[in-house]
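fold the following for me, if possible:
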Amino acid sequence: MALVIVALFWIDPRTSQLEAKSNAHTTAVLVRDRLEPGDLVVSTHPEHVPVMRLYIGGGLRWATSMGPVTDPKIMDWRDALERLRAARPAATAEPLVRSLRPGQHLLLVQPIIRSARWSAPWTQLVRRRAMQWERRLNRDPRLVRTLAVPRFGDGPVPRGVRAVLYEVPG
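Numbering: from 1, shown residues only. So this is what the prediction gives:
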């Protein structure tokens, strides 16, 4: 019986369900060649930082909607909800944008919100912060929006993340 079960997994390993869980790798591949050492990546869904760091690579500065991240390989969950509540986008974004020099980039990584099930306190706040950050950066006269991936069209909305690239004109 065990041999039959193993044979079934060999025939149909069901990896498509795992591969369709997130587009984070695909999104990272589409943007990482546009980034240079010292550029800034900001994730409005803080727990996405470690996976995006893995896929994009090193040499960049990292932040979340709570502020700068010292180690992008981990997510510090200590008092995370309280810290996210306290981190107002205007106060958090301003020093990050001001730190950019002409020619540098800011990559905003946001969750793709596909349903209304984002109702828990953490996810509800992440949703609100994601919208606030994109609106704020789009209106900042120091930044030019140059790319957004994936592009949403007539097809199904992917699971995972969306990346919006901004540049400081130089």
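
Ser65 reaches Leu84, doesn't it?
Yes - taking contacts as Cβ atoms under 8 Å, Ser65 lies within contact range of Leu84: 6.6 Å. Just so you know, the C-beta spots here come from the backbone N, C-alpha and C atoms, and that holds for glycine as well.

overlap in contacts of the two?
46, 126, 129 (Cβ atoms under 8 Å, 6 or more residues apart in numbering).

can you tell me the helix or strand for the second one?
Read that as Val126. helix 121-139 (DSSP states H and E).

what sits against the most centrally placed residue in the chain?
Central residue of the chain (Cα atoms, centre = their mean): Val109, 2.7 Å from the mean position. Shown in contact with Val109 (Cβ under 8 Å, 6+ apart): 27, 41-45, 48, 52, 161-163.

and with 7 Å instead?
41-43, 48, 52, 161, 163 (Cβ atoms under 7 Å, 6 or more residues apart in numbering).

in helices only, show me those.
In this view, those that belong to helices under DSSP state H are Met52.

neighbours of Pro95, just the number please.
11 (other Cβ atoms under 10 Å).

ok, Ala87 touching Met66?
Yes - using Cβ atoms under 7 Å, Ala87 is in contact with Met66, at 4.4 Å.

that older thread, give me the buried positions along the helix holding Val126.
For helix 121-139, the neighbour count (16 or more other Cβ atoms under 10 Å) marks 125-127, 129-130, 132-134, 136-137 as buried.

before we move on, what about stretch 72-89?
Using 16+ other Cβ under 10 Å as the test for burial, stretch 72-89 gives 72, 75, 80, 83-84, 87, 89.

how about stretch 28-44?
28, 31-32, 35, 39-44.

pick out the most distant pair among the residues you listed.
Using Cβ to Cβ, the pair of the buried residues of stretch 28-44 lying farthest apart is Arg32 and Thr44, separated by 18.7 Å.

ok, and the closest non-adjacent residue to Gly57?
Excluding the flanking residues, the one nearest Gly57 by Cβ to Cβ, 6 or more residues apart in numbering is Arg32, at 6.3 Å.
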